[in-house]
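Q: Build me a structure from this.
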Amino acid sequence: MFCLIAIFDESFAIMEFQVKFAINEKIFLRNPESSEVGKLMVKKAIDLVYELGFEHFTFKKLAIEINSTEATIYRYFENKHRLLLYILNWYWCYMEFLVTFKLQNVTDKKEQLKIIVHLLTHELAESANRFDYNKKYLNQIVISESSKAYLVKDVAAINKDEVFKPYKDLCVKIAEVISAYNPDYKFPRSLSTTLIETSHHQQFFSVNLPKLTDICSENMLDFAFQFIQDLLFQVLG
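A: Here you go, the predicted structure:
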């Protein structure tokens, strides 16, 4: 569930839309959207996880960035894994919103799939809104760190709280477009998750382990897009 909030500058000359999502309450102890320090906490957490990596990110370092204490952060999140889940949930909600928005006036099913692949393989558009998260950092966190949210021993227990629902909802939405394009294809949800996860792997490998990919100077900017699109339509025919 999402809503759009209009934001004006002091002269009312510029208007932007800030997207808000209803994040699963089981993830946090106190909703970070309920206070300015909570909003700053998530914003700075995204910056730090991007800069340091999730392994080296700590609440102590975050507390310094927001000029507060670790105790304050623990009032909002039980641990850093829950904070990562919150960030990822926001991202998946945002991606579902973008897919819905981008496809609303497109009737051609093949073009719809191309739009989805483009969204999965390119950085998100930035906003000048001072309340917004850094989309470039967020995108890189998802590519590098998202698997750490579910590749954990207690994933089954975590899943009972439906904290992966936004990711599942996005997969279902993409699967629906796949089925609309080829109603005879038997594995639309599996293909949907494969597209998402493979797009992450190929983007990560192309930068960090390029010999695991077929990236070259001619396709450097659009390699992941070209590969995922080729894979998709080879499978669907």
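Q: check which helix or strand covers the residue sitting nearest the centre point of the chain.
A: The residue lying closest to the centre of the chain (CA atoms, centre = their mean) is residue 91, at 3.1 Å. Secondary-structure assignment from DSSP states H and E places residue 91 in helix 80-103.
Q: which other helices and strands contact that helix?
A: With contacts taken as 3 or more CB pairs under 8 Å, 6 or more residues apart in numbering; DSSP states H and E, helix 80-103 sits against strand 15-21, helix 36-52, helix 109-121, helix 135-145, helix 165-181. (Glycine included, C-beta is placed from N, CA and C.)
Q: Looking at those, which is nearest to residue 70?
A: Between residue 70 and the helices and strands packed on helix 80-103, the shortest separation by CB to CB is 11.3 Å, and it involves helix 36-52.
Q: Please name the nearest non-neighbouring residue to residue 150.
A: Nearest non-adjacent residue to residue 150, counting by CB to CB, 6 or more residues apart in numbering: residue 164, 6.5 Å away.
Q: For the one you found, list the residues it contacts.
A: Remark: with contacts taken as CB atoms under 8 Å, 6 or more residues apart in numbering, residue 164 is in contact with 149-150, 158.
Q: Just among those residues, which is most surrounded?
A: Using other CB atoms under 10 Å as the contact criterion, the top neighbour count among the contacts of residue 164 goes to residue 149, which has 21 neighbours.
Q: just to revisit the earlier point, could you check how far the residue nearest to the centre of the chain is from residue 184?
A: Residue 91 sits 32 Å away from residue 184, going by CB to CB, to the nearest Å.
Q: ok, now which ones touch residue 191?
A: Residues in contact with residue 191 (CB under 8 Å, 6+ apart) are 175, 178, 185, 232, 235-236.
Q: what ranges of this structure fall below the confidence cut-off?
A: Across the chain, the ranges flagged by pLDDT under 70 are 1-19, 127-131.
Q: returning to what we had before: using a markdown table, please lay out the contacts of residue 164 together with secondary structure and distance to residue 219.
A: Supplementary listing: the contacts of residue 164 in a markdown table, determined by DSSP: H, G, I helix; E, B strand; the rest coil; distance: CB to CB, whole Å:
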| residue | secondary structure | distance to residue 219 |
| --- | --- | --- |
| 149 | helix | 30 |
| 150 | coil | 30 |
| 158 | helix | 38 |
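Q: with the residues you listed in mind, which one is nearest to residue 43?
A: residue 149 (19.1 Å).
Q: so who does the closest one touch?
A: Residues in contact with residue 149, defined by CB under 8 Å, 6+ apart, are 81, 84-85, 88, 164.
Q: cutoff 10 Å now
A: Residue 149 is in contact with 54, 81-82, 84-85, 87-89, 142, 155, 158, 163-164, 167, counting by CB atoms under 10 Å, 6 or more residues apart in numbering.
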